[in-house]
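Undergrad: generate a structure from the sequence data that follows.
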Amino acid sequence: TDDQREQSYSERQLYEAALERLTREVAAVNGNDEVAAAKQVGDVLVSRAA
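TA: Here you go, the predicted structure:
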């Protein structure tokens, strides 16, 4: 997205690492695989940004 282009490399790295960790945590709590958890997290992020 446009916001990501303005981020520094280290900011993007931190964001990606946090997103991966959150996805793994959501998957563990819900008993889902990481693909389903990534979709769930992505859906929430998109809905909050709108």
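Undergrad: beyond the longest helix along the chain, next helix or strand please.
TA: The single longest helix within the chain, with elements called by DSSP state H, is helix 9-30. On the C-terminal side of helix 9-30, the nearest following helix or strand under DSSP states H and E is helix 34-49.
Undergrad: kindly export that next one (C-alpha atoms) in CSV.
TA: In CSV, the C-alpha atoms belonging to helix 34-49 read as follows (Å, rounded to 0.1, in the frame of the first residue of the first chain):
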residue,chain,number,x,y,z
GLU,A,34,-1.8,-20.2,9.7
VAL,A,35,-3.5,-19.6,6.3
ALA,A,36,-6.9,-19.3,7.9
ALA,A,37,-5.5,-17.1,10.7
ALA,A,38,-3.7,-14.9,8.2
LYS,A,39,-7.0,-14.3,6.3
GLN,A,40,-8.8,-13.6,9.6
VAL,A,41,-6.1,-11.1,10.7
GLY,A,42,-6.1,-9.5,7.3
ASP,A,43,-9.9,-9.1,7.3
VAL,A,44,-9.8,-7.4,10.6
LEU,A,45,-7.0,-5.0,9.6
VAL,A,46,-8.8,-4.1,6.4
SER,A,47,-12.1,-3.5,8.2
ARG,A,48,-10.4,-1.2,10.7
ALA,A,49,-8.6,0.8,8.0
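Undergrad: ok, residue 36 to residue 26 distance?
TA: Between residue 36 and residue 26 the computed distance is 9 Å (CB to CB, to the nearest Å). (Each C-beta comes from the backbone N, C-alpha and C, glycine too.)
Undergrad: look at the two and report which has more neighbours.
TA: When residue 36 and residue 26 are compared for neighbours, residue 26 comes out ahead with 17 against 14, by other CB atoms under 10 Å.
Undergrad: quick one: residues contacting the more buried one.
TA: Applying CB atoms under 8 Å, 6 or more residues apart in numbering, we find residue 26 in contact with 32, 37, 40, 41.
Undergrad: if we use 7 Å, what do you get?
TA: 37, 40, 41 (CB atoms under 7 Å, 6 or more residues apart in numbering).
Undergrad: return a ChimeraX selection command for the buried portion of these.
TA: To isolate in ChimeraX the members of the contacts of residue 26 that are buried, counting by 16 or more other CB atoms under 10 Å, one can use:
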select :37,41
